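[1] everything below, folded, please.
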Amino acid sequence: MKLKELASHLRLSQTTVSRALNGYPEVNEETRRRVLEAARRHGYEPNASARRLATGRAGAIGIVMPTDRHMLLDPHYIEFQAGLGETLLGEEIDIVLTPSGPDQDEATYRRIAVDGRVDAVVLASPLIEDERIPLLTNLRLPFILHGRTEAPVDHAWLDIDNEGAFQHATKHLLDLGHRRIGLINGDLRYTFARDRENGFRAALAARGLVADERLLASGPMTDEIGYRITARFLAERPRPTALLVSSMMMSLGAFRAIRAAGLELGRDVSMIAHDDVFPFLNPDVMVPTMSTTRSSIRAAGKRVGELMLELLRGRAPGTIHELWPVELVIRGSTGPVPRA
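    Here you go, the predicted structure:
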C-alpha cells in the first residue's frame, strides 16, 4: 500500500497522513493513533528516503563511543542502549554509533552536527563540568543527558538521585550500629560519583561523625578494582565493619576480598551495592543475597528515548528534567555491627 492509498482509505489528505506518521505536533493524538493503527493493519511501510525528504529528519539518534574504554563490554552501556532501542524501535528510528578517540570529542561532535546523519544525540557519563553541553548547545544539535552536570545552560536531562540513595544506604548501616564504613566509589570526575560521596558524608555528618579518609576510594567500576580496594580497607586497623559500593560489578570483587580475608559477608562485614538491574547479575540469587540501592538503567534508557521523541517534536530542552528516586532493598549482606 502506498501513501496515497492509505490516505484514501482513511479519507484524510496525504499531508495529514504523512505528518501523523512522522510525529508532527500539529496532528492531534486521536488522528495520529488512527493513522498508525491503519498503517500497521495494512502493512504500510514508508520509504525511508522519502520520509527523510518530507520531514527533513535523518531518522536516527547518535551516540559517541569512546574507543579508549571497553564500552561494548560495559553492562551499563549495553543495558542503557537496549532500553533506548526499545523505545526508538517503535518509531523506526535508528541508533548510530560514532567512535571517538582520546581528546577527540569536540571534533567528533562537530562532525556529527555538520554531516546531518542524526537528528539528536544522547550523552552519558557526564563530568561535573562537562564541555559537551555548551558545545552541543552552540552547534544547535539537540541532545539529552543521562545524568547531570553543572553546565550553566538549559538542557534536557534524566538522572537518578545518587546523593539521596547513598545517604539513605549509609543511614541504614548507621542504624545497624556501624561506624567504620568504607566507600568504594566510581571515578570522582563524574557527577554520579561526586553525588554518592556527598550523600555518604551527609549521613555521617547528621550523626556527628566524620568520614575516615583511609576508607574512601574510587576508580573504574570493575571486579578487580573492587577486590583491590576492599583488600586494602580490610588491612586497616580497626578494619571497616561495613562497605558501601558503587556497582554490583565492584561488589563481586569486594565479596572475593572478604572471603579471602576469612570473613563472612553479612556477619563480619556488611555490604550495600548499587544495582542497575542487570539480567545476568541478580542480587537475589547471591549467597548471601546482596542488599542494594536499585534503579534500572534499562528503564532509564527507555525513558530517555521517550523524552528524546518529545524533544524532537518541539518540547523545550529546559523543561525536560527528571530526577528518579532510588529504592533501598535490604537483603542478607547487611546485619548488625559484629561484637568486638
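
[2] what stretches of the stretch 1-150 of the chain score poorly on pLDDT?
    1, 45-56, 70-73 (pLDDT under 70).

[3] and the strands in the stretch 51-200 of the chain, which stretches?
    60-66, 94-100, 120-123, 143-146, 156-160, 181-185 (DSSP state E, counting those that start in this stretch).

[4] which of the ones you listed sits closest to Ser296?
    strand 156-160 (9.6 Å; C-beta to C-beta). For glycine as for every other residue, the C-beta is placed from the backbone atoms N, C-alpha and C.

[5] adjacent strands (with direction) for the closest one?
    strand 143-146 (parallel), strand 321-324 (parallel) (DSSP bridges).

[6] what's in contact with it?
    By C-beta atoms under 8 Å, 6 or more residues apart in numbering, the residues outside strand 156-160 that reach it are 143-149, 192, 295, 300, 303-304, 307, 311, 317-318, 320-326.

[7] neighbours of Gly240, just the number please.
    Not quite, residue 240 is Pro, not Gly. Pro240: 22 surrounding residues under other C-beta atoms under 10 Å.

[8] hmm, I was thinking of Leu281
    17.

[9] name the nearest residue to it, ignoring sequence neighbours.
    Excluding its sequence neighbours, the residue lying closest to Leu281 (C-beta to C-beta, 6 or more residues apart in numbering) is Met248, at 5.1 Å.

[10] and the residue nearest the centre of the chain, what is it in contact with?
    Nearest to the geometric centre of the chain sits Ile297, at 4.9 Å (C-alpha atoms, centre = their mean). Applying C-beta under 8 Å, 6+ apart to Ile297 gives the contacts 76, 79-80, 83, 276-277.

[11] at 6 Å instead, please
    Counting by C-beta atoms under 6 Å, 6 or more residues apart in numbering, Ile297 touches 76, 79-80, 276.

[12] by neighbour count, which of the residues you listed wins?
    In these, the most neighbours by other C-beta under 10 Å go to Phe80, 24 neighbours.

[13] that one contacts Arg303, correct?
    No - counting by C-beta atoms under 6 Å, Phe80 does not reach Arg303; the two are 10.6 Å apart.

[14] quick one, helices of the stretch 51-200 of the chain?
    Assigned by DSSP state H, counting those that start in this stretch, the helices in the stretch 51-200 of the chain fall at 75-89, 105-115, 132-139, 162-175, 191-206.

[15] can I get these in CSV including distance to Arg33?
    Below are these laid out as CSV (distance: least, C-beta to C-beta, whole Å):
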stretch, distance to Arg33
helix 75-89, 17
helix 105-115, 33
helix 132-139, 33
helix 162-175, 37
helix 191-206, 38
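
[16] deepest-packed of the ones you listed, please.
    Comparing the helices of the stretch 51-200 of the chain by mean neighbour count (mean count of other C-beta atoms under 10 Å), helix 162-175 ranks first with a mean of 22.

[17] run through who's touching that helix.
    Contacts of helix 162-175 (C-beta under 6 Å, 6+ apart): 181, 192, 195-196, 198-200, 202-203, 207, 242, 244, 272, 293, 326, 328.

[18] tell me the two of these that are most distant?
    Across the contacts of helix 162-175, the longest distance by C-beta to C-beta is 24.0 Å; it joins Phe192 and Arg207.

[19] so Gly23 is in which element?
    Using DSSP states H and E, Gly23 sits in no helix or strand.

[20] burial measure for it, as a count.
    Count around Gly23 with other C-beta under 10 Å applied: 18.

[21] and it, what does it touch?
    Gly23 neighbours (C-beta under 6 Å, 6+ apart): Arg313.

[22] then Arg132?
    Contacts of Arg132 by C-beta under 6 Å, 6+ apart are Leu123.

[23] please redo it, this time with the cut-off set to 8 Å
    Counting by C-beta under 8 Å, 6+ apart, Arg132 touches 105, 109, 123, 126, 143.

[24] domain-wise, how is this protein divided?
    Annotated domains of the chain cover 3-55, 60-160+299-324, 162-295 [the TED database].

[25] what about those domains, which gets the closest to Val337?
    Across the domains of the chain, closest to Val337 is domain 162-295 (C-beta to C-beta), at 3.7 Å.

[26] what is the distance between that closest one and the centre of its chain?
    Remark: domain 162-295 is offset 19 Å from the chain centroid, using C-alpha atoms, centre = their mean, to the nearest Å.

[27] show the average pLDDT along that domain.
    Averaged across domain 162-295, pLDDT comes to 96.

[28] distance of Arg201 from Val329?
    In this view, Arg201 and Val329 are 23 Å apart by C-beta to C-beta, to the nearest Å.

[29] report the buried residues of the helix or strand where Ile258 lies.
    Assigned by DSSP H and E, Ile258 belongs to helix 248-260. For helix 248-260, a neighbour-count test (16 or more other C-beta atoms under 10 Å) marks 248-258 as buried.

[30] just name whatever secondary elements it is in contact with.
    helix 223-234, strand 242-245, strand 270-275 (3 or more C-beta pairs under 8 Å, 6 or more residues apart in numbering; DSSP states H and E).

[31] ok, 10 Å please
    helix 75-89, strand 181-185, helix 223-234, strand 242-245, strand 270-275, strand 291-294 (3 or more C-beta pairs under 10 Å, 6 or more residues apart in numbering; DSSP states H and E).

[32] re the thing from before, from the strands paired with strand 156-160, which stretch is densest packed?
    The highest mean neighbour count among these, using mean count of other C-beta under 10 Å, belongs to strand 143-146: a mean of 24.

[33] that's all I had, so thanks and see you.
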